[in-house]
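> What follows is a predicted structure for the sequence shown.
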Amino acid sequence: MNKMNLGVDIGGSHITASLVNLPGGQLIDSSVKRKAVDSLQDKEVILAAWCKVIEASVGDIAHHNIQIGIAMPGPFDYENGISLIKDQDKFRSLYLANIKEELALRLNIEADCIKFINDAAAFLQGEVFCGAAKGYERALGVTLGTGLGSAVTIDGNATDAALWNSSFRGGIAEDYLSTRWFLARYETLKGIKVDGVKELASLATKDASAMQVFKEFGMALGEFLTTVVNEYSSQVVVLGGNISQAFELFEPSLTEKLKLAKLNTKIKLSELNENATLIGAAACWGLAQEESVEL
């Protein structure tokens with residue numbers, strides 16, 4: 001029997017897993033499992049929660065027939081499966097733990113059946129595989145949310161671009177292209193605190209200060225993309241993450257900035273949304289052994 005591919009998306013507050021039909025990039029609906037996980041818990045609690053979701057997603061399929069692709073935030077030793085996260089507000093208890101071996105032991109599978117991929121790279125890999133970047137040899141993926149994720153593809157293979165701390169406007173890119181910038185800028189303009197970008201977006205039609213924040217964000221994103229697209233010769237940019245859901249509010253100023261820079265690269269929204277990371281994680285195994293799966 002050919003191997004079946006499981007895609008796993010691990011974030012700072014959750015884990016999602018699903019079997020994936022790679023030829024078409026479809027999730028097997030009955031296998032999709034998601035659970036909230038407190039990333040500040042100790043190692044045993046976190047790993048037990050992850051394994052529970054993976055086991056539930058795999059179901060009755062024999063474990064020796066499963067290949068697992070896991071999308072993880074960095075810093076992380078993706079080849080060897082070792083967590084290098086230590087100075088962030090998540091996964092501190094996993095620092096220097098060999099996650100590949102820990103999971104293999106708990107799941108009773110060979111460690112070689114588990115591969116890891118950067119979460120931003122997995123997002124773009126999914127979009128290249130069967131989403132907004134399909135057919136493009138060189139693509140740039142940018143996830144806009146609590147942090148700034150980025151990945152590039154060359155000849156269809158996605159890698160983490162790690163642009164979050166690139167020099168930008170006297171600071172780093174993430175200072176201007178993340179949720180915290182939105183909240184801080186609105187408070188500066190209006191003197192009011194809001195909980196998130198979604199709340200700010202709901203105010204934009206009737207609040208000039210909120211609309212101004214989105215306009216400024218679009219200009220900043222355009223400035224950032226101009227440099228990055230030229231550096232990587234990207235043919236398309238795919239935007240994902242929670243902030244991208246308010247695209248219509250910052251698209252005009254983003255487009256204006258790109259036109260001023262004479263940049264004609266296509267800007268697209270994610271077609272797969274949250275599924276992109278699961279598909280991209282599963283796709284790190286390739287198609288060589290994949291067969292259609294119906295559950």
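Cool, the structure landed.
> my read is residue 209 is in a strand, agree?
No - assessed with DSSP: H, G, I helix; E, B strand; the rest coil, residue 209 is helix; it does not lie in a strand.
> Thought residue 185 was touching it, still the case?
No - applying Cβ atoms under 8 Å, one finds residue 209 not in contact with residue 185, separated by 9.1 Å. C-beta: built from backbone N, CA, C; applies to glycine.
> Any regions of the stretch 151-295 of the chain where pLDDT drops low?
Scanning the stretch 151-295 of the chain for pLDDT under 70 picks out 287-295.
> okay, now the domains of the chain?
Taking automatic domain parsing as the domain assignment, the ranges for the chain are 4-122+275-283, 135-269.
> which stretch among these comes nearest residue 129?
domain 4-122+275-283 (5.1 Å; Cβ to Cβ).
> In JSON lines: the domains of the chain, plus mean neighbour count and distance to residue 128.
Conversion of the domains of the chain to JSON lines gives the following (neighbours: other Cβ atoms under 10 Å; distance: least, Cβ to Cβ, whole Å):
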{"stretch": "domain 4-122+275-283", "mean neighbour count": "19", "distance to residue 128": "8"}
{"stretch": "domain 135-269", "mean neighbour count": "18", "distance to residue 128": "5"}
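> With distance to residue 129 as added columns, please give those in CSV.
Shown next, in CSV, are the domains of the chain (distance: least, Cβ to Cβ, whole Å):
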stretch, distance to residue 129
domain 4-122+275-283, 5
domain 135-269, 8
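> secondary structure element for the residue nearest the centre of the chain?
In the chain, the centroid-proximal residue (Cα atoms, centre = their mean) is residue 120; its distance is 3.9 Å. Per DSSP states H and E, residue 120 falls inside helix 119-130.
> which other helices and strands contact that helix?
Other elements packing on helix 119-130 under the criterion 3 or more Cβ pairs under 8 Å, 6 or more residues apart in numbering; DSSP states H and E are strand 4-10, strand 66-72, strand 138-144, strand 148-154, strand 157-160, strand 236-240, helix 275-283.
> so for that helix, what's the average pLDDT?
Mean pLDDT, computed over helix 119-130, is 93.
> that older thread, please name the bridge partners of the closest residue to the residue nearest to the centre of the chain other than its chain neighbours.
Once flanking residues are discounted, residue 120 sits nearest to residue 149: 3.5 Å by Cβ to Cβ, 6 or more residues apart in numbering. Beta-bridge pairing for residue 149 (DSSP bridges): residue 143.
> Surely residue 149 and residue 142 touch.
Yes - between residue 149 and residue 142 there is a contact under Cβ under 8 Å: 7.0 Å.
> So for these two, which residues contact both of them?
Counting by Cβ atoms under 8 Å, 6 or more residues apart in numbering, the residues touching both residue 149 and residue 142 are 240, 241.
> Alpha carbons of the helix holding residue 120, as CSV, please.
Taking C-alpha atoms only, helix 119-130 is exported to CSV below (Å, rounded to 0.1, in the frame of the first residue of the first chain):
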residue,chain,number,x,y,z
ASP,A,119,5.2,27.5,8.5
ALA,A,120,5.5,30.5,6.1
ALA,A,121,7.2,28.2,3.5
ALA,A,122,4.4,25.6,3.9
PHE,A,123,1.8,28.3,3.3
LEU,A,124,3.5,29.3,0.0
GLN,A,125,4.2,25.7,-1.0
GLY,A,126,0.4,25.0,-0.7
GLU,A,127,-0.4,28.0,-2.9
VAL,A,128,2.2,27.0,-5.4
PHE,A,129,0.9,23.4,-5.4
CYS,A,130,-2.7,24.1,-6.1
